[in-house]
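> all I have is the shape, not the residue letters:
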């Protein structure tokens, strides 16, 4: 069975009308749905593929194919363009890598131990090595590691040669092949090597180097594959927000049906606590709906007849009847899904510095190795061919990319660990790299700069009243109300340890205030107009204070008891205590801070004034936030976005770097490259410092990785032999290769002492 992308009906693939478009197959229940789809394909695009999925390279989007595989240009694994909600089994690719890694590791450990025993007599393995048993065991065990476990590297390297795009895998294959090929030749044909290259009558072997390099690179590939499989979690989390069932009213009867079976014009009943099934219009009833996932505004919105509701938002207090206006790809949630998916596909992973260097380094090494072989075979001493072969192999061994492969991962690994200790969770190396060159920060207001929920932030008693008495009366009358502001008052009163008393004759006046009796006293609480319309005079001093609070974007609630003003309460979403200092630090670091919020202009400007933020965009929906990011990127800015809500997800995914508050939604966290566990904006300052330190460390590592190669390759080629009679033994080449790795590891570990 398949699903019609226009009406959502389940159709039999054998009986349905089939259309193939852009490599995807769609099935339609009728000619009408087919024609509608073809006339407006973008509007009716389904959330998931009904036919073959298209895979593409994030680095080279022009590379596409029907199934998973590797990019022929850079060797990266291809990613699916469309991610479905269904849980996926571990991919065959990941399972194959895991199997190759485990078997390779098991076989490599004894090879390493035996090789170590030959180099360190204290291991007492000379019994084997003297008889050659140890060398044959190494050969037998290392062969499947290199030729089976490492076969994928040779395939990728060969493709890179065919496509004239040398990359990291080209270097890996060259190094492993050189170390293994030289060792295998020394095992099978030891007589072709001159005596001067032998130690105790034997040629040094490098089976352990070939096996260890293979296993380490396999581990990196396995971790990359598992990380890549999680890149679609943001989209899956978004899709998972949608309601699964709805209560449809048809011919006077109510029935529970799947969302896929709902059509435009259907009438749906939405009860308290349920998700709104799809986008539509309220035609009967009234309720408050939490739309923070779309708007970012913490205050639930009152919905009545004629108001629009959005699918996946949460109904809170009342029940209402709605008419469905949008289904499938037309809904707001579906559009957000597509925005996040498109942004993730367009954002390439880190451009490995090693790959860029490899484009020049690989041909240079090959030319040098071949030139050395030719020169030695023609003009070298006898046996000339043996000297030529040794020189050729020495060049390739010393050019082995072991240290080069560690240069970036080691710094990133230590840096990510350091960040985690400071509450900074870094999803990938790409985000860490891009943090270094950022020029501006776009930050949401609610939940990022502010606490994210309404709180009582100001209390001013009137004449003959104290704060405790005022809060006791206000909390007691508000406990009968379901309004979000009422809950904020009640929570504040309870937190202050003030006792609440029962309320009688409670009445709620929509959009104005509430009435009730507390301990026999008549209590009114609400807006200024509500109190004045009740014939109660407002003291001038309190009115002036109320005006000041409203200028600061606080909601003012007036309290009157027995016809006299008892005082007022200011309710707002307060700025986090750490936010002002964090903003100052970001300005010092050269970042332009811009507020982008779904809240109203007045509230946004008030918060911005307090924080010293000059650039403000208010009333922004998810699409508008994403458009602002694109606009800034087009102007040459390097953009970071910080947010905590679903409405921030598209912008987080579109930015060069997205930072999510750990106190926010799963979708925002999945869309972001970095998550701040404590939801503290000072974490951004620490993340930027960490990024700059890690990138500096990586550049130092690349220097250590290449300096031995640059100095060693000419010596290995025999450049010094005519002058000093010095020819680099492959064993010395292997030692130089190992020392470069030690230098890289030691330098990377310095990051553990970094102060953020």
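Arrived safely. As the structure is a prediction and not an experimental result, all values here were calculated from the model.
> the nearest residue to residue 55 once chain neighbours are set aside: how many residues sit nearby?
Leaving aside its chain neighbours, residue 55 sits nearest to residue 78 (3.9 Å; criterion: Cβ to Cβ, 6 or more residues apart in numbering). Quick note: C-beta positions are derived from backbone N, CA and C, even for glycine. Residues near residue 78, counting by other Cβ atoms under 10 Å, number 21.
> surely residue 78 touches residue 71?
Yes. Counting by Cβ atoms under 8 Å, residue 71 is a contact partner of residue 78 at 6.2 Å.
> rewinding a little: and the residue nearest to residue 55, how far is that from residue 159?
As judged by Cβ to Cβ, to the nearest Å, residue 78 and residue 159 stand 13 Å apart.
> anything in contact with each of the two?
Residues touching both residue 78 and residue 159 (Cβ atoms under 8 Å, 6 or more residues apart in numbering) are residue 70.
> hang on, the earlier thing: how near is the residue nearest to residue 55 to residue 430?
According to Cβ to Cβ, residue 78 and residue 430 sit 17 Å apart.
> can you check residue 594 too?
Taken as Cβ to Cβ, the span from residue 594 to residue 430 is 22 Å.
> what's residue 699 sitting at in phi/psi?
When read as degrees, to the nearest 10, the backbone of residue 699 gives phi -60, psi -40.
> quickly note the distance from it to residue 436.
11 Å.
> before we move on, what about residue 673?
13 Å.
> so the residue lying farthest from the centre of the chain: helix, strand or coil?
Distance from the C-alpha centroid of the chain peaks at residue 382, with 60.0 Å (Cα atoms, centre = their mean). Under the three-state scheme (DSSP: H, G, I helix; E, B strand; the rest coil), residue 382 adopts coil.
> doesn't residue 552 make contact with residue 606?
Yes. If you go by Cβ under 8 Å, residue 606 and residue 552 touch, sitting 5.0 Å apart.
> where along the stretch 451-600 of the chain do the helices fall?
467-478, 484-495, 528-533, 540-551, 579-588 (DSSP state H, counting those that start in this stretch).
> which parts of the stretch 251-400 of the chain are helices?
292-295, 332-346, 353-379, 384-398.
> can you flag the weakest of the ones you listed by average pLDDT?
By mean pLDDT, the lowest-scoring of the helices of the stretch 251-400 of the chain turns out to be helix 332-346, with a mean of 61.
> returning to that earlier point: and residue 699 and residue 436? Which one has more around it.
The neighbour count for residue 699 versus residue 436, taken as other Cβ under 10 Å, is higher for residue 436 (16 against 12).
> hmm, the more buried one is touching residue 689, no?
No. In this structure, residue 436 is not within contact of residue 689 by Cβ under 8 Å, at 10.3 Å.
> may I ask you to name the longest strand in this structure?
strand 564-572 (DSSP state E).
> would you agree residue 247 is in contact with residue 268?
Yes. In this structure, residue 247 is within contact of residue 268 by Cβ under 8 Å, at 6.1 Å.
> of the two, who's got more company?
Legend: neighbour count by other Cβ under 10 Å for residue 247 and residue 268, higher for residue 268 (22 against 17).
> and stretch 249-264, how far apart are its ends?
End-to-end distance of stretch 249-264 (Cα to Cα, to the nearest Å): 13 Å.
> no, scratch that, I was asking about stretch 439-457
End-to-end for stretch 439-457, by Cα to Cα: 34 Å.
> mind checking how far that stretch is from the chain centre?
On the basis of Cα atoms, centre = their mean, to the nearest Å, stretch 439-457 sits 21 Å off its chain's mean C-alpha point.
> next one: stretch 421-431
9 Å.
> try stretch 134-149
39 Å.
> pull out the buried residues from it.
By neighbour count on 16 or more other Cβ atoms under 10 Å, the buried set for stretch 134-149 is 134, 135, 137, 138, 139, 141, 142, 143, 144, 145, 146, 149.
> hmm, back to that, dump the helices of the stretch 451-600 of the chain to a markdown table, plus mean pLDDT and mean neighbour count.
As requested, the helices of the stretch 451-600 of the chain are exported to a markdown table (pLDDT from 0 to 100; neighbours: other Cβ atoms under 10 Å):
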| stretch | mean pLDDT | mean neighbour count |
| --- | --- | --- |
| helix 467-478 | 91 | 22 |
| helix 484-495 | 86 | 19 |
| helix 528-533 | 87 | 16 |
| helix 540-551 | 86 | 14 |
| helix 579-588 | 91 | 17 |
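> between these, which one is nearest to residue 680?
helix 579-588 (7.6 Å; Cβ to Cβ).
> other residues contacting that closest one?
441, 449-450, 593, 610-613, 680-682, 684-685, 688.
> 6 Å instead?
449, 593, 611, 681, 682, 685 (Cβ atoms under 6 Å, 6 or more residues apart in numbering).
> ok, now stretch 500-513?
Outside stretch 500-513, the residues that reach it (Cβ under 6 Å, 6+ apart) are 475-477, 479-480, 514-519, 525-527, 530.
> mind listing what's buried in that stretch?
500, 503, 506, 508, 513.
> partner residues bridging the fourth one?
The residues listed as beta-bridge partners of residue 508 by DSSP bridges are residue 514.
> could you list the low-pLDDT ranges of the stretch 151-300 of the chain?
Scanning the stretch 151-300 of the chain for pLDDT under 70 picks out the ranges 167-168, 171, 193-201, 204, 220, 223-239, 293-299.
> for the stretch 551-700 of the chain, which segments are assigned as strands?
Along the stretch 551-700 of the chain, counting by DSSP state E, counting those that start in this stretch, strands occupy 555-561, 564-572, 592-596, 615-617, 639-643, 657-661, 674-676.
> my bad, should have said the stretch 151-300 of the chain
Going by DSSP E, counting those that start in this stretch, the stretch 151-300 of the chain shows strands at 245-250, 253-258, 267-270, 279-285, 287-290.
> quick one: closest of those strands to residue 535.
That would be strand 287-290 among the strands of the stretch 151-300 of the chain, by Cβ to Cβ, at 29.1 Å.
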